[in-house]
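Asks: Fold the following.
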Amino acid sequence: EQHFTISVADANDAPLFTTPWPLVMDENRVGMVGMLTAQDQDGDTLTYALGSEAPDWLTLDPDSGALWLTTPLDYEAQSSYLIVVTATDQYGAVTVGDYQLQVLDINEAPTGIALSNISLSPDGLAENPLIGSLSAIDPDRSDAFSYQLIGDDNGRFMLAGNELRLVDGTTLQAGENPAI
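Replies: Numbers count the residues shown, from 1 in each chain. This is a model prediction of the structure:
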């Protein structure tokens, strides 16, 4: 009978990403998106990097894995992005992680108001004649709006929903430019 000793050498194992996904960030903000983390069975030091197709508005700290957004994103333009990152141990073992960066929609203030018409014909004016319809200019596609008159030029105008109307009995002179 003969005895043998067998030695098993430890092979370098690649790290594994442990960061939950998706990554999320409010639109119109900059700052830290989150910490990308990976674990290495061998306890090796890890270095993080963005994939070669990473946008220039995204930075990643190679030592800590902190992912930073340097330019505000617009949900209405694009609501998600694919981010490819790597974690490499000190011996060259690498793992690739694909993360979805979701941009959260934040309600944005309207940027203006448009009036569909800005003149009245003196012929055949009906009761509360319609001057024009108001519409809001807003980056958010599905917002509902309400309107309020400010500086009503002596009570000559009224609102009916999004319609700007002349109050009954009110006269306007040709060339007059009342302000509301």
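
Asks: Look up how far residue 94 lies from the residue nearest to residue 23 when sequence neighbours are not counted.
Replies: Distances taken as Cβ to Cβ, 6 or more residues apart in numbering put residue 101 closest to residue 23, at 4.8 Å, once the chain neighbours are dropped. C-beta here means a position set from N, CA and C on the backbone, and glycine is covered the same way. Distance, residue 101 to residue 94, by Cβ to Cβ, to the nearest Å: 21 Å.

Asks: Would you mind giving me the confidence score for the residue nearest to residue 23?
Replies: Per-residue confidence (pLDDT) for residue 101: 95.

Asks: just to revisit the earlier point, which of residue 101 and residue 94 has more neighbours?
Replies: residue 101 (22 against 13; other Cβ atoms under 10 Å).

Asks: Pull the distance from the helix or strand hosting the more buried one to the chain's centre.
Replies: Taking DSSP states H and E as the criterion, residue 101 maps to strand 94-104. Remark: strand 94-104 is offset 17 Å from the chain centroid, using Cα atoms, centre = their mean, to the nearest Å.

Asks: ok, it: who's next to it in the sheet?
Replies: strand 23-26 (parallel), strand 80-89 (antiparallel) (DSSP bridges).

Asks: Those strands: which one's closest to residue 129?
Replies: strand 23-26 (44.7 Å; Cβ to Cβ).

Asks: Any idea how far the closest one is from the middle of the chain?
Replies: The answer for strand 23-26 is 9 Å, by Cα atoms, centre = their mean.

Asks: Show me where this structure has its strands.
Replies: Applying DSSP state E to the chain gives strands spanning 16-17, 23-26, 31-35, 38-39, 46-50, 58-60, 66-69, 80-89, 94-104, 112-115, 130-137, 157-160, 163-166.

Asks: Can I get the ones you listed in CSV including distance to residue 2?
Replies: Below are the strands of the chain laid out as CSV (distance: least, Cβ to Cβ, whole Å):
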stretch, distance to residue 2
strand 16-17, 41
strand 23-26, 58
strand 31-35, 54
strand 38-39, 42
strand 46-50, 44
strand 58-60, 56
strand 66-69, 57
strand 80-89, 39
strand 94-104, 43
strand 112-115, 91
strand 130-137, 89
strand 157-160, 102
strand 163-166, 102
